[in-house]
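Engineer: can you look at this prediction? I've put the sequence above it.
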Amino acid sequence: MISQGVNVAHIAAALFISRLEIEAIAREEGLPLKRTPLRSGPRVWSLLDINRLSRAWAEGEDLPAIAKRLDRTVMAVRKKRAALGLPARERYAEVVWTGADVATLLAHRERRIGLQRIAKQMGRSVRSLQRKLISLQPTAESVAIPGSRHESVLYVRLE
């Protein structure tokens, strides 16, 4: 990061160490440091704000809460998080489908109810329903051979 011209103060805030420690490490390694001043202005990120953002993110706080605490927009916090190299979070947790959920989905689809309406009733996204319906499609291995013991295979028709 130093060789790309990132300000030492920003690196220090992201790593939760002092600027002097970064400079000492750079001297030991023989790395040149750019001594550019931080921007100034009314909405400039102070070292304290960067430190607060880094710590809150590390503790698992969400973007809107951090933005409110720092009196900034969610987009400003998101961009600064990315600029500091803090890891992004998983967006969606995998929701478990129960047998009752699958039965409800299939029953509604058989009655030709639209996915948006089903999603609203079930408290799921349309994309979640689509993914589940695709996963329920029969594969080549699950095709029933009449008269075999595998005759009772569930078929799903996607429209």
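Structural biologist: Perfect, I can see it now. Numbers count the residues shown, from 1 in each chain.
Engineer: so what's the residue count around the nearest residue to A12 once chain neighbours are set aside?
Structural biologist: By the measure of Cβ to Cβ, 6 or more residues apart in numbering, the closest residue to A12 outside its immediate chain neighbours is R19, 4.4 Å from it. Glycine gets a C-beta too; all of them are placed from N, C-alpha and C. The number of residues packed near R19 is 16, by other Cβ atoms under 10 Å.
Engineer: would you list the phi and psi of S18?
Structural biologist: phi -80, psi 160 (degrees, to the nearest 10).
Engineer: distance check, it against V95.
Structural biologist: Counting by Cβ to Cβ, to the nearest Å, the gap from S18 to V95 is 44 Å.
Engineer: now swap in P87 and tell me
Structural biologist: According to Cβ to Cβ, P87 stands 23 Å off from V95.
Engineer: for L105, same thing?
Structural biologist: If you go by Cβ to Cβ, the gap between L105 and V95 works out to 13 Å.
Engineer: between these two, who's got more neighbours?
Structural biologist: Between L105 and V95, counted using other Cβ under 10 Å, the more crowded position is L105 (24 against 11).
Engineer: which parts of the helix or strand hosting the more buried one are buried?
Structural biologist: Under the criterion of DSSP states H and E, L105 resides in helix 99-110. Neighbour-count burial for helix 99-110 flags V102, L105, L106, H108, R109 (criterion: 16 or more other Cβ atoms under 10 Å).
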